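> Pasting a predicted model and its sequence here:
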Amino acid sequence: EKKCAAPTRPEHRPARQMRRKSSRTPKPIPLTESVHQNPSGWAQALGYGGLIPFVSLAVAVWTLEPIDRARSLSALLAYGASILGFMGAVHWGLVMRDASGGRSTRSLGWGVTPALVAWIALLVDPVVGLWLVAAGLWSCFAVDRVTYPNFGVRGWLPMRLVLTVVASLCCAAGAVRLMQ
C-alpha cells in the first residue's frame, strides 16, 4: 500500500491550519468609541430616502384607480411592516456594541416586539394593519427616546422623529382612504 503525502501548498491545507491562532481575545471597544452618536450624512440620506416609498405609496392610494389603489395599499402595508421590524432590530445592534452588557435583556426583548407587531399587521384587515404599523412606529419612537440616550446615540432622535411623523402619517392616510 502506498501512502499519499499530505499536500503542502496552502490552498490544500485545512482551514484550521491556515488561520493564525491568537493568544489573546480582542478587547471590546467602549460604546462611545464604536457608535456614531449622531447620524452621518449617508445615514441621513438613507433614512430620509426611506420615506420615498411611504410618501409615493400614500399619494398613489389617493390618486390611482381602485385596482392600482389595492396594490399600493398592499405595498404600503408591507413596506411599513418591514420598517417596523427594522426599528426593533436596531436595539439588537445596540446591544451587540454595548461593552457593559447591562442593558441587554430588556433591549433584546423589546427588539423582537416590533417585528411581531409587524407580522400581526400583515395578517389582519389592511385598515387595522396600517393603523397597527403607525402605532408601532410611534411606540418604537417612545422607547427609543428613553433607550437611545442610554446607548449614547441621543443625536439620532431628531431624525427619528421626522421619519416617524412622515411614515406614520402615510400609513394613516392609507388607512383613511381604505375606510372610505
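Sure, I can see it. Numbering: from 1, shown residues only.
> who does the lengthiest helix in the chain touch, helix- and strand-wise?
Ranked by residue count under DSSP state H, the longest helix found in the chain is helix 66-97. In terms of contact count using 3 or more CB pairs under 8 Å, 6 or more residues apart in numbering; DSSP states H and E, helix 66-97 is assigned the packing partners helix 51-63, helix 104-123, helix 126-150, helix 157-179. All C-beta atoms are positioned from the backbone trio N, CA, C, and that covers glycine.
> Flag every buried residue along that helix.
By neighbour count on 16 or more other CB atoms under 10 Å, the buried set for helix 66-97 is 69, 72-73, 75-81, 83-85, 87-88, 90-91, 94-95, 97.
> show me where pLDDT drops low in the protein?
1-35, 99-103 (pLDDT under 70).
> Would you mind getting the angle between the longest helix of the chain and helix 157-179?
150 degrees (axes from the mean of the first three to the mean of the last three CA atoms, to 10 degrees).
> how close does Ile52 get to Ala45?
Using CB to CB, to the nearest Å, Ile52 is found at 11 Å from Ala45.
> same deal with Pro53?
From Pro53 to Ala45 the distance is 15 Å (CB to CB).
> Between the two, which is the more surrounded one?
Pro53 (18 against 11; other CB atoms under 10 Å).
> Please name the residues that touch the more buried one.
Ala75, Leu76, Tyr79 (CB atoms under 8 Å, 6 or more residues apart in numbering).
> Contact partners for the first one?
Same thing as Ala75. Going by CB under 8 Å, 6+ apart, Ala75 touches Pro53, Leu57.
> Arg145 now?
Leu157.
> do you know how far it is from Leu157?
Relative to Leu157, and taking CB to CB, Arg145 is found at 6 Å.
> same check, this time on Ala70
Ala70 is 36 Å from Leu157, by CB to CB.
> just Tyr48 next, same as before
Tyr48 is 15 Å from Leu157, by CB to CB.
> Which of the two has more residues huddled nearby?
Leu157 (17 against 14).
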